[in-house]
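**Q** starting from these lines, generate the structure:
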Amino acid sequence: MVKFSFKNMPKPHKWTISVLTSALLVLVLIPSEPVSAYKNTPVPALEIGKRYDLAVDFDNLPLVEINAFDNAVERQIYKIKKGDNLAKIFSRAGLSPQETYRVSKVSKYSDQLLNLLPGESLGLEIDTDGQLQSLSYLYSPTETLIIEKNADNSFNGHIESKQVDTRINYAQGEIRSSFWNAGIKANLSEGQIMGLADIFGWDIDFALELRAGDSFSVMFEERYIDGEFIENGSIVAAQFVNHGQTYTAIRHTDGNFYTPEGRSLRKSFLRAPVNFKYISSSFNPNRFHPIQKRYKAHNGIDYAASRGTPVVAAGDGKVIKAGYDRFNGNHVFIQHGEKYTTKYIHFSKKVVKNGQKVKQGQVIGYVGSTGMAAGPHLHYEFLVDGVHRNPRTVALPIAEPIAKSEAIAFASISSQRMQQLNNSKRIMLAMN
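**A** This is a model prediction of the structure:
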């Protein structure tokens, strides 16, 4: 049972009662007939404690029906648990399957309601009759789904979006022990550190070529709602100094990175198609085979990595072989045009088929030790016109530069980003 109090009454009812009370006071204090006051006419004084009759006809006052409980709703927040769906949450709230069905039939927004994630919350407004009046679901930092009941008991929905304020931030660091530690010290997120490595990964071997004293600077987006930080956005510009050579990357509106002059940083091939721990065996035409116990050319590089580590295609191409044999184990060979071929050997599992087209960075298998392998690693080969080349030192073909139609727009972006980078460096230098 709901306890009645003036404080809990709806605003229209509070207003009506206040108006009636004021009217009664006016009737009490103002005489019902005109009073003529003359200078020499004494006015009788009111005696304290004496009861006076008032000529007020309560029977003729307009009646206003007041029900403090009409249309009252209660808002409840339900935390989404693992395995929850809309029907389960509605059941916990005491709502009928019919209401679940009607809400789920707001088809334009059914995808959001079918993908409720644990840890999120669902807001329900339920009236005193136990009927759902509205539902709210914050399914992203900026968007909330609102579903409300109509007069005919059907439901409709809409999305409320908050305006996102994007700001540019800057960070820089110098490598002392490792790139990862330098990135953490510069207050970069794990995703930003990996993103920086991806941008320059075609020119810099982050596993083997970094040295103490190498440095980086990076500009990136930050997103805010109502002045509150929500998430990091994209890297928009970055520089990396490796062995005294400076590499600069500017992000264009197509999402790709270019040099300030408009040359693509993206090469046709990745230097290493796997996130490896170390190189367990280098390219060597006279290597002593650890299993066969004889000297045999090692025409690739062995990248030691944990079993199950994803391996990606080094470049766009077509799978010309995906199979198994006792020497190579699970393996995949990819043809890239007429000139280049890459080979990936000793997979625990391959996930592409013969004849399948693949894109650079697409997962094609997972590190394992099938075939003649002493331990989990990827054996990677790079062939040019059918001749094996060292994947670490072979000259990689350059991808196409920025389109001519975009050259002027990119030049403007590049100029602005370079000025921002240089200004940020000067400010940081002055602060230090």
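**Q** what ranges do the helices span in the stretch 301-432 of the chain?
**A** Applying DSSP state H, counting those that start in this stretch to the stretch 301-432 of the chain gives helices spanning 407-431.
**Q** how far away is the nearest residue in space to Lys108 that is not next to it in sequence from Leu114?
**A** Among residues not flanking Lys108 along the chain, Gly157 sits closest, at 6.6 Å (CB to CB, 6 or more residues apart in numbering). To be clear about C-beta, it is placed using only N, CA and C from the backbone, and glycine gets the same treatment. Per CB to CB, to the nearest Å, Gly157 is found 14 Å from Leu114.
**Q** neighbour-wise, which of the two wins?
**A** More neighbours surround Gly157 than the other of Gly157 and Leu114, with 19 against 10 (other CB atoms under 10 Å).
**Q** from what I can see the more buried one touches Asp111, true?
**A** No: contact criterion CB atoms under 8 Å: Gly157 and Asp111 do not qualify, at 11.7 Å.
**Q** and stretch 241-253, end to end?
**A** One end of stretch 241-253 sits 25 Å from the other (CA to CA, to the nearest Å).
**Q** can you give me the offset of it from its chain's centre?
**A** From the chain centre to the centre of stretch 241-253 is a distance of 26 Å (CA atoms, centre = their mean, to the nearest Å).
**Q** return the set of buried residues in it.
**A** Val241, Asn242, Tyr247, Thr248, Ala249, Ile250, Arg251, His252 (16 or more other CB atoms under 10 Å).
**Q** now the residue nearest to Lys108: phi and psi?
**A** Per-residue torsions, Gly157: phi -140, psi 160 (degrees, to the nearest 10).
**Q** confidence score at it?
**A** If you check Gly157, the pLDDT there is 88.
**Q** where in the stretch 101-250 of the chain is pLDDT low?
**A** 107 (pLDDT under 70).
**Q** recalculate using a threshold of 80.
**A** For the stretch 101-250 of the chain, the stretches flagged by pLDDT under 80 are 105-112, 141, 201-203, 205, 207-208.
**Q** could you do the stretch 251-400 of the chain as well?
**A** For the stretch 251-400 of the chain, the stretches with pLDDT under 80 are 266-268, 276-281, 283-297, 397-400.
**Q** kindly recompute the last result at 90.
**A** Counting by pLDDT under 90, the stretch 251-400 of the chain has low-confidence residues at 263-299, 315-316, 337-339, 359-361, 372-374, 391-400.
**Q** mind listing the strands for it?
**A** Assigned by DSSP state E, counting those that start in this stretch, the stretch 251-400 of the chain shows strands spanning 257-258, 278-281, 284-288, 295-298, 301-304, 310-312, 317-325, 329-336, 340-350, 357-358, 363-367, 377-384, 387-389.
**Q** closest one to Val218 among the ones you listed?
**A** Val218 lies closest to strand 257-258 among the strands of the stretch 251-400 of the chain, at 11.8 Å (CB to CB).
**Q** just checking, what packs against the closest one?
**A** strand 245-251 (3 or more CB pairs under 8 Å, 6 or more residues apart in numbering; DSSP states H and E).
**Q** report the contact partners of the residue nearest to Tyr324 when sequence neighbours are not counted.
**A** The shortest distance from Tyr324 to any non-neighbouring residue, by CB to CB, 6+ apart, is to Asn330 (5.3 Å). With contact set as CB atoms under 8 Å, 6 or more residues apart in numbering, Asn330 has these partners: Gly323, Tyr324, His346, Phe347, Ser348, Lys349, Lys350, Gly365, Gly368, Thr370, Gly371.
**Q** hang on, the earlier thing: out of the strands of the stretch 251-400 of the chain, flag the one nearest Tyr101.
**A** Taking the strands of the stretch 251-400 of the chain one by one with CB to CB, strand 363-367 is closest: 40.1 Å.
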